[in-house]
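Undergrad: what's the 3D shape of this:
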Amino acid sequence: QLFEFPDCPFESVAWGTLPSGPETQAYIESFAERFGLLAHIEFETRVVGARRKAASRGWLVEVSSASEGTRSVECDFLVVATGMFSYPFLPQVFAKPAHFAGTIVHSSQFQDVEMARGKHVVVVGSAKSAIDCAAAAATVAASPPTLLFRRAHWAVPLRIFGFIPFQYIFYSRLGQLLVSLYVGPIPIHRPRALDCAHRVLWPVLWLAFRLVELIFAVQRNLWGARWPKTDLVPDVHAFAHVTDTVFCDLCSAGKIATKRGATLAVRERSLDVDDGTAVPADLVICATGFAKDYSYFPSQVLDALDLQSDGLWLYRNVLPAAYGLDLAFVGAELSCGSNIQVQAVQAEYVARLLAGAVAPPDPEARAQEVDAVKTWKRAWMIDKSTRAATVFSHQIQYLDTLMRDMGLPAQRKSNCFLDAFLPYPQPGDYDGIIPPVKTPERALFFGAYKLVFRAWSSSSAAACILRSFFGSDSQTHTMPPAALIDDDDDDDNTRERRSARRSVDRPSCSCAAADPPSRRAARERLPHCFPPKRICAERLRCACVSHGWDPVRASLGVFNERPNLATSNGMSP
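TA: Sure thing, here's the model as predicted:
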C-alpha cells in the first residue's frame, strides 16, 4: 500500500503485507523496464561536482566512470534525485577505535546474521534499524544482544489495538487533522477556523495523545528504560518506525537486553557506558542513521542555498527559495511515510514546471513561505538534521498543495466519506497524474534540455522523474514530436537561414501561434527555461512535410532514436 508507483501495481506482494528489500528493489527495476527508462540512465557513473556556468545559464556537471573516466556534462536544468539517506553515520567514539579487538559495522553493512554467530553483540540505537538488527542477531549470538541507546523512541504498532492498521490513523485525513489541531496547522492554505480550533481543542487533544502513548506502551512493552521521554507526536514525526511483535516477544523472553546510556569509550572487548558499567562486545552494530552529503556543490552554491544545521529549506521541498530556477530536488529533500508515491507527484510537479504548466511565485514570495514553514516546524519538531525535509504528519496536506499547484483535484477518493477516513495514498489514488500521451505542451522542453540525474542504485525518485520526463509505456517512450528552437547561441548565418525558412508560407494548422497566457506568464518568470523563439508541434510537422526540413531530429540528436513525425494527413518526412 505504501510502496507503489502510480499506474504500476505492486502485484508480487500480497495485499496488506510489508515487502522485503529485494522485493522492493525488483519492483523498482520492473517499473523502469515497463516505462522504458533504462535507456536514459547511465549506470556506474558518479557525480563528483556540479557548478553553475560562469558566463551563461545552466550547469557544468563533472561525472566519473570506470569506462570513460572523468568528463564534464552541460545542462540547463539540474535535478538532484539522490534520495534522502545514502551515507552511513558513525559517532566519533566508534569511528576509529584504537584498541578494539572486535568488529564495528554500520547497520547498513549488517547483511548476514552469520556475522553475529557465537559473538557478544551490542546494537547502538533504538529505532527501526536497531530493532531489526537486534532481533536478527538474537537468533545466533553467544549471549542475548544488548540494545544500547541514549534516548528511547515511540514504536508504532503495526495494528493498533491488535486490529486497526496503523495507516488508518496516521495516513488518513482525519488522523492528520487531529495532529494539526494538536501542534497547529501548517502555514500553507491555512483556514483561520483551524487556528481557532487548535487553541480551543488543544487541552483535549493533549489528553487524547497521552492515552495513545499508554496504548502504544502496553502493545510494545515500552516500560522502564524503553519508556520514551519525548512527546509522541514530534517523536513519531522524527523517528517513525512501525513494528510487529517479534522484538517485544524476544525482550520478554530475555533473548534481548536493553540498556539506556551513552558510550564513553571502546575497550578491547567491551564498551564503557556513562553509568560506570562495561558491556561485553565482540561485534558492535551502529544503527545510528545516515548523513547527507552536499560535497558535489561548491561553497558558493551551498551559501546561496542557505544550508542549515536542520537541513535544506526548499519551496515545496523541491525548489530553492531565493535561487535561480535551474535547480530542483526530487526525493532528495523529502522524508515521509509513502516515499514512492510522493516522489512521483514531485516528479510530475517538476515536469510541469519545465513545460510551463506550473508557474511558482517570485523569489520573495517563495522565501516568505519557506520562512513561515521553517518557523512552524522549529516550534514543535525535534531538532535534527532532516527537520526541513520531514513531512510525515502532514503528508496529505503536502500532496494536496502540489496537486493544487498543478491544477489537479486534491481529493483522490470516490466520495467525501472515503476521502476523510481511508489512508493516503492507497494504490491507485494518484494513477493518471502523469499523462499517458505526451502533449506538445508537455514535450516542449525536450529539444532544449539535457537533464542530469545524480542517483545511486535504482533510486525510486530518479525513476519517478525519468518517467514524468521520458516515458508513458514501453511502446511509446521515444522522443515526442515537438521541439524548442532557441537561436540565442547561433551565429549570424544560421539565424539568416532559419529566418528564411520561417518566412516561407507554411500550410495552416489548428494551433494558435501565440502562447497561452499561462505560458507567457511562466516565461516572464522563467526566461531561462522558456526561450522566446519556438514553433508549435503541429506547425513544425507541417513545415517538415512541405519543405523537407527536419529540425526535430537535429534538436533531439543527442538521443538514439528518431522521433515519429507522422502528420495528420498520413505523410511522414
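Undergrad: what's the neighbour count on the nearest residue to Gln167 once chain neighbours are set aside?
TA: Counting by CB to CB, 6 or more residues apart in numbering, the nearest residue to Gln167 once its immediate chain neighbours are dropped is Pro423, at 4.0 Å. All C-beta spots, glycine's among them, are computed from the backbone N, C-alpha and C. For Pro423, the neighbour count with other CB atoms under 10 Å is 21.
Undergrad: go on, Gln308?
TA: If we define neighbours as other CB under 10 Å, then Gln308 has 12 of them.
Undergrad: got it, and Ala322?
TA: 14.
Undergrad: Is it located within a strand, as I assumed?
TA: No: going by DSSP: H, G, I helix; E, B strand; the rest coil, the assignment for Ala322 is coil, not a strand.
Undergrad: Could you pull up the residues touching it?
TA: By CB atoms under 8 Å, 6 or more residues apart in numbering, Ala322 lies in contact with 304, 306, 363-364, 366-367.
Undergrad: what distance separates the start and the end of stretch 37-50?
TA: 23 Å (CA to CA, to the nearest Å).
Undergrad: ok now it, how far from the chain's centre?
TA: 18 Å (CA atoms, centre = their mean, to the nearest Å).
Undergrad: now what about stretch 255-269, what contacts it?
TA: Outside stretch 255-269, the residues touching it (CB under 8 Å, 6+ apart) are 91, 93-94, 97, 99-102, 104, 120, 124, 134-135, 138, 144-150, 152, 224-226, 247, 250-251, 271-275, 277-282, 284.
Undergrad: how much space between the residue nearest to Ser126 when sequence neighbours are not counted and Leu194?
TA: Once flanking residues are discounted, Ser126 sits nearest to Phe149: 3.6 Å by CB to CB, 6+ apart. Between Phe149 and Leu194 the computed distance is 36 Å (CB to CB, to the nearest Å).
Undergrad: Likewise for Thr230?
TA: In terms of CB to CB, Thr230 sits 25 Å off from Leu194.
Undergrad: mind listing the strands for the stretch 151-300 of the chain?
TA: 156-157, 159-160, 164-165, 242-243, 257-260, 263-266, 270-273, 278-280, 283-286, 290-291 (DSSP state E, counting those that start in this stretch).
Undergrad: Output the contacting helices and strands for the last one.
TA: Meaning strand 290-291. Strand 290-291 sits against strand 87-88, with contacts defined as 3 or more CB pairs under 8 Å, 6 or more residues apart in numbering; DSSP states H and E.
Undergrad: Also the first one?
TA: Strand 156-157 is packed against helix 192-220, strand 242-243, with contacts defined by 3+ CB pairs under 8 Å, 6+ apart.
Undergrad: Single out the most deeply packed of these.
TA: strand 242-243 (a mean of 19; mean count of other CB atoms under 10 Å).
Undergrad: Which residues outside it are in contact with it?
TA: 128, 131, 155-158, 166, 220.
Undergrad: Could you look up the SS state of the residue nearest to the spatial centre of the chain?
TA: Nearest to the mean C-alpha position of the chain, by CA atoms, centre = their mean, lies Gly331 at 1.7 Å. For Gly331, the assignment made with three-state DSSP gives coil.
Undergrad: Among the strands of the stretch 151-300 of the chain, which comes closest to Ile188?
TA: strand 156-157 (25.8 Å; CB to CB).
Undergrad: List the pairing partners of that closest one within its sheet, with orientation.
TA: Strand 156-157 has the following sheet partners, assigned by DSSP bridges: strand 242-243 (parallel).
Undergrad: gap between the partner strand and the chain center?
TA: Per CA atoms, centre = their mean, the centroid offset for strand 242-243 relative to its chain is 21 Å.
Undergrad: going forward can the numbers begin at 240, since that is how I track them
TA: Got it, first residue is 240 now, which makes that one strand 481-482.
Undergrad: average pLDDT for it?
TA: Here strand 481-482 scores 88 as its mean pLDDT.
Undergrad: quick one: which of the contacts of Ala561 sit in helices?
TA: Under the assignment DSSP state H, the contacts of Ala561 contribute 543, 602-603, 605-606 to helices.
Undergrad: got a winner among these for most neighbours?
TA: Neighbour-wise, the ones in helices among the contacts of Ala561 (other CB under 10 Å) top out at Arg605, 20 neighbours.
Undergrad: where are the low-confidence patches of the stretch 590-739 of the chain?
TA: 675-739 (pLDDT under 70).
Undergrad: OK, contacts around the nearest residue to Phe478 once chain neighbours are set aside?
TA: Excluding the flanking residues, the one nearest Phe478 by CB to CB, 6+ apart is His392, at 4.4 Å. Neighbour list for His392: 365-366, 467, 469, 474, 478, 480 [criterion: CB under 8 Å, 6+ apart].
Undergrad: Kindly report the same for Leu541.
TA: Taking CB under 8 Å, 6+ apart, we find Leu541 in contact with Tyr533.
Undergrad: host element of it?
TA: helix 538-544 (DSSP states H and E).
Undergrad: Buried residues, that helix. List them.
TA: Residues of helix 538-544 classed as buried: 540, 544 (neighbour count, 16 or more other CB atoms under 10 Å).
Undergrad: and what of stretch 343-350?
TA: Within stretch 343-350, the residues scored as buried using 16+ other CB under 10 Å are 343-346, 349.
Undergrad: cool, and stretch 551-570?
TA: For stretch 551-570, using 16+ other CB under 10 Å, the buried residues are 551-560, 562, 564-570.
Undergrad: before we move on, what about stretch 254-270?
TA: Quick answer for stretch 254-270 (16+ other CB under 10 Å): 258, 263, 266-267, 270.
Undergrad: Equivalent analysis for stretch 500-512, please.
TA: Those would be 500, 502, 505-506, 509-512, for stretch 500-512 by 16+ other CB under 10 Å.
Undergrad: Format these as CSV; extra columns: distance to Asp315.
TA: Output for those, formatted as CSV (distance: CB to CB, whole Å):
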residue, distance to Asp315
Gly500, 53
Thr502, 49
Val505, 50
Arg506, 56
Ser509, 57
Leu510, 52
Asp511, 55
Val512, 55
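Undergrad: Would you format these as a markdown table with distance to Phe244 and pLDDT included?
TA: Converted to a markdown table, the buried residues of stretch 500-512 look like this (distance: CB to CB, whole Å; pLDDT from 0 to 100):
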| residue | distance to Phe244 | pLDDT |
| --- | --- | --- |
| Gly500 | 43 | 94 |
| Thr502 | 41 | 93 |
| Val505 | 43 | 94 |
| Arg506 | 49 | 93 |
| Ser509 | 47 | 93 |
| Leu510 | 43 | 95 |
| Asp511 | 48 | 94 |
| Val512 | 45 | 95 |
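Undergrad: Filter the buried residues of stretch 254-270 down to the ones in helices?
TA: Those of the buried residues of stretch 254-270 lying in helices (DSSP H): 263, 266-267, 270.
Undergrad: Pull the contacting residues for Ser548.
TA: The contact partners of Ser548, taken as CB under 8 Å, 6+ apart, are 622, 624.
Undergrad: now it: how far from Ile403?
TA: 37 Å.
Undergrad: Same check on Trp254?
TA: 17 Å.
Undergrad: go on, His437?
TA: Distance from His437 to Ile403, by CB to CB: 25 Å.
Undergrad: Repeat that for Pro467.
TA: 21 Å.
Undergrad: rounded to a whole number, what's the mean pLDDT of stretch 375-391?
TA: 95.
Undergrad: other SSEs contacting the strand or helix carrying Tyr588?
TA: Element membership for Tyr588, per DSSP H and E: helix 578-594. On a contact count with 3+ CB pairs under 8 Å, 6+ apart, helix 578-594 meets helix 634-644, helix 679-682, helix 699-709.
Undergrad: got the CA positions of it in CSV?
TA: Extracted in CSV, the C-alpha atoms of helix 578-594 (Å, rounded to 0.1, in the frame of the first residue of the first chain):
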residue,chain,number,x,y,z
ASN,A,578,8.2,7.8,-0.4
ILE,A,579,7.5,6.4,-3.8
GLN,A,580,4.0,7.9,-4.3
VAL,A,581,5.1,11.3,-3.0
GLN,A,582,8.2,11.3,-5.1
ALA,A,583,6.1,10.6,-8.2
VAL,A,584,3.9,13.6,-7.5
GLN,A,585,7.1,15.7,-7.0
ALA,A,586,8.5,14.5,-10.3
GLU,A,587,5.3,15.4,-12.1
TYR,A,588,5.4,18.8,-10.5
VAL,A,589,8.9,19.4,-11.9
ALA,A,590,8.0,18.1,-15.3
ARG,A,591,5.0,20.5,-15.5
LEU,A,592,7.2,23.3,-14.2
LEU,A,593,9.6,22.8,-17.2
ALA,A,594,6.6,22.5,-19.6
